[in-house]
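>>> Build me a model:
(one chain, ligands or ions: 1)
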Amino acid sequence: MVFRSYMDIALAEAEAAAARGEIPVGAVLIHDGSVIAQAGNRTRELNDPTAHAEMLVIRAACTTLGQERLNDCDLYVTLEPCPMCAAAISNARIGRLYYGAADPKSGGVGQGPRIFSHAQCHHVPEIYDGIGAGPAQDLLKRFFAARR
Ligand SMILES: [Zn+2]
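Numbering: from 1, shown residues only. Got it, this is the predicted structure:
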């Protein structure tokens with residue numbers, strides 16, 4: 001089986017988020033080789049601090065599939081998930097997590113709280129980091145440089 005990365009779709013969602021004035025992070029959920037949800041951050045638009053890209057795709061995919069668990073799904077996200085999203089990924093039982101840039105400020109997977117390393121974390125996805133990290137990082141840098 002040939003590995004196909006869906007990170008380009010997540011990056012496009014991150015760019016669309018930046019164009020809306022949102023922090024440029026994008027996510028996509030894959031089920032049986034198809035995209036079942038894709039989103040960028042919408043915290044400002046929705047006045048919802050939980051409207052991170054990962055939370056939005058998890059909610060949308062669960063609605064579409066009519067189930068609370070996403071065992072057979074792959075999540076692609078441009079930036080290392082924060083602790084909230086990492087906990088949601090665990091609760092959703094997502095099979096595989098692919099993320100781009102590391103997030104030293106707010107990350108909760110490879111640093112900080114390292115949610116998946118806790119004994120209280122009952123499901124740990126397979127994790128692949130650094131996928132498309134360059135473009136994801138550039139997008140964030142440009143976004144924050146433009147705001148200063
Ligand atoms: Zn998050």
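>>> Tell me where the chain has strands.
Along the chain, counting by DSSP state E, strands occupy 26-31, 34-40, 73-79, 96-101, 126-129.
>>> I'd like to know which of those lies nearest to Arg20.
Nearest of the strands of the chain to Arg20, taken as C-beta to C-beta: strand 34-40 at 7.5 Å. Bear in mind the C-beta positions are built from the backbone N, C-alpha and C, glycine included.
>>> tell me the mean pLDDT over the closest one?
The average of the pLDDT scores along strand 34-40 is 97.
>>> can I get the CA coordinates of it in CSV?
Coordinates of each C-alpha in strand 34-40 appear next as CSV, following Å, rounded to 0.1, in the frame of the first residue of the first chain:
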residue,chain,number,x,y,z
SER,A,34,-11.7,9.4,1.9
VAL,A,35,-11.9,12.8,3.4
ILE,A,36,-14.8,12.9,5.8
ALA,A,37,-14.1,16.2,7.4
GLN,A,38,-11.8,19.2,6.9
ALA,A,39,-11.6,22.5,8.8
GLY,A,40,-9.5,25.3,9.9
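>>> Neighbouring strands of it in the sheet, and parallel or not?
strand 26-31 (antiparallel) (DSSP bridges).
>>> and the strand it pairs with, anywhere near the ion?
No. On the criterion C-beta under 5 Å from the ion, strand 26-31 is out of touch with the ion, staying 9.3 Å away.
>>> which residues touch the top helix by length along the chain?
The residue-count maximum for a helix in the chain (DSSP state H) belongs to helix 133-147. Residues from elsewhere that reach helix 133-147, judged by C-beta atoms under 8 Å, 6 or more residues apart in numbering: Leu11, Ala14, Glu15, Ala18, Ile23, Pro24, Val25, Thr78, Leu79, Gly100, Ala101, Ala102.
>>> If anything else comes up later, I'll come back, but that's it for now.
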